[in-house]
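A.B. asks: how would this look folded up:
(one chain, ligands or ions: 1)
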Amino acid sequence: TEGALWGARFAGGPSPELAALSKSTHFDWQLAEYDIAGSRAHALALASAGYLDEAELASMLGALDALEQAVRDGRFLPLESDEDVHAALERGLIEIAGGDLGGKLRAGRSRNDQIATLIRLLLRDHSARVSRLLIDLIDALAAQAAAHPAVIMPGRTHLQHAQPVLLAHHLLAHCWPFVRGLERLADWNVRADASPYGSGALAGNTLGLDAALVARELGFGRVVENSIDGTASRDLVAEFAFVLAQIGIDLSRLAEEIILWNTREFGFVTLDDGYSTGSSIMPQKKNPDIAELARGKAGRLIGNLAGLLATLKGLPLAYNRDLQEDKEPVFDSLSTLEVLLPAFTGMVATMRFHPERMAELAPQGFSLATDVAEWLVKQHVPFRDAHEITGSMVMFCEDRGIELHEIDDADLATISPHLTPKVRSVLTIEGSVNSRDGIGGTAPVRVAEQLAALTERIRVL
Ligand code: ARG
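C.D. replies: Below you'll find the model as predicted:
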């Protein structure tokens, strides 16, 4: 049991099979700097409760600094025999400070309250990083919207032409979910602003340690209200994994559209060479791999969340070793997004749109039919009849292979006496988008306001 955190009660060391199963240093080592920060704060609490004198505290903090430096430059690494990051760092501390002093730090804390605190610290740091990357993406989408204020494209429902919309409106529709992702991270941070340190193994500690001092030192606003909850719950980790998965899903939706837009059939965009790939056999190919990887990785983020939720389900209070399984999924989701987002943002920022192609397709597929029906309503035709009349126009066109604006005046009058030549005023895509000028609508004036509102929202977040 040399080096283990327990021993006296055991006749022998762990079997090699158990040690292999139990080991977590290959993923929890990235918590090392947070573990040392926790130890520093804990040393202060021990000193203020009278368990370390002034000289001991100074040596302890000095030893922790030295250990941190050794971890940073890779001189101190976990050994095969270290079970987890906590065990490895206690070994490291004792190597530097000696057993008499180093052995005092474990008083009044448990790996259970440590790990619950450290994962929050790590996720809080990464939430700031993911937020910055998301803002970069929103900025890139908003810049594309701002650069194309008057471009009209086919708006779709069921992937069928529905009504013309501004490209800027469509791009901003992809921005808002990312803004909500930012807001979710900020909301999560408020909930995660409580430190479990001081909860001990589950019931609290007997040493009168000042948990508020530790919380303050670690940058938390408060201490958890319940030591059992503090050590046994991981809903905050699952919630974080959800926020990341939802960002992945929102990326994937946009990715799917970019893949379609980039096809010969759509011809809406050209991707920059630096953000596309070629084929090893087909010399002509230029593929949207970033978008496809985004779509694929969304599945991975969903899987991480689903796996984590399954781990948590049915766990009795308080700490159970199952909880060690919280880390790999959420770490994987973070590293996945932190690599994906910059590539995705680069692809969006450099993508070239083809406004003529979009405008050519926008009126096709009778996408102005709703405009005709609503024009009839403005002539006081009941909507039920207006819908019927417009439906007849569509059928008339379909039989002849023409579009709505190609029906001549005489045929319009035969379809319905309400269809005077004045109806032509709404048979242009510009007229159509200009007339949708309610809040949130696709009229250029509203979209310009929307862009300003989005920019302001990001600024205050
Ligand atoms: N490595 C554990 C985890 O990740 C923390 C240690 C708690 N282990 C224990 N046997 N109480 O959750």
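A.B. asks: from here on, contacts and neighbour counts on C-alpha atoms
C.D. replies: Noted.
A.B. asks: Pick out the residue in the chain sitting closest to the ligand.
C.D. replies: residue 324 (3.5 Å; CA to the nearest ligand atom).
A.B. asks: My reading is that that residue lies in a helix. Confirm?
C.D. replies: Yes. With DSSP: H, G, I helix; E, B strand; the rest coil as the criterion, residue 324 is part of a helix.
A.B. asks: Look up how far residue 193 lies from it.
C.D. replies: 21 Å (CA to CA, to the nearest Å).
A.B. asks: now do residue 200
C.D. replies: Where residue 193 is concerned, residue 200 sits at a distance of 18 Å (CA to CA).
A.B. asks: So for the two, which sits in the more crowded spot?
C.D. replies: Set residue 200 next to residue 193 and count neighbours by other CA atoms under 10 Å: residue 200 wins out with 22 against 18.
A.B. asks: how about residue 64, secondary structure?
C.D. replies: helix.
A.B. asks: domains of the chain?
C.D. replies: Here the domain parsing of the chain from automatic domain parsing is 16-107, 112-148+162-212+219-360, 363-460.
A.B. asks: For the residue of the chain most remote from its centre, pull up the helix or strand it's in.
C.D. replies: Here the centre of the chain is the reference, and by CA atoms, centre = their mean the most remote residue is residue 410, at 56.5 Å. For residue 410, the host element (DSSP states H and E) is helix 409-415.
A.B. asks: Other residues contacting that helix?
C.D. replies: Residues outside helix 409-415 that contact it (CA atoms under 8 Å, 6 or more residues apart in numbering): 389, 392, 393, 419, 420, 421.
A.B. asks: And stretch 68-78, end to end?
C.D. replies: Using CA to CA, the end-to-end distance of stretch 68-78 comes out at 13 Å.
A.B. asks: That stretch near the ligand anywhere?
C.D. replies: No. Legend: contact between stretch 68-78 and the ligand by CA under 6 Å from any ligand atom is lacking; minimum distance shown is 13.5 Å.
A.B. asks: which residues touch that stretch?
C.D. replies: For stretch 68-78, contacts defined as CA under 8 Å, 6+ apart pick out 25, 29, 32, 33, 36, 67, 85, 88, 89, 92.
A.B. asks: Wait, the fifth one touches residue 63, no?
C.D. replies: To tie it back to what came earlier, the one meant is residue 36. No. Between residue 36 and residue 63 there is no contact under CA atoms under 8 Å: 10.4 Å.
A.B. asks: Include mean pLDDT when you put the domains of the chain into a markdown table, please.
C.D. replies: A markdown table is the format used below for the domains of the chain (pLDDT from 0 to 100):
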| stretch | mean pLDDT |
| --- | --- |
| domain 16-107 | 97 |
| domain 112-148+162-212+219-360 | 97 |
| domain 363-460 | 95 |
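A.B. asks: from the contacts of stretch 68-78, which two are the most distant?
C.D. replies: 25 and 67 (16.6 Å; CA to CA).
A.B. asks: Need the distance between the two termini of stretch 39-57.
C.D. replies: End to end - CA to CA - stretch 39-57 spans 11 Å.
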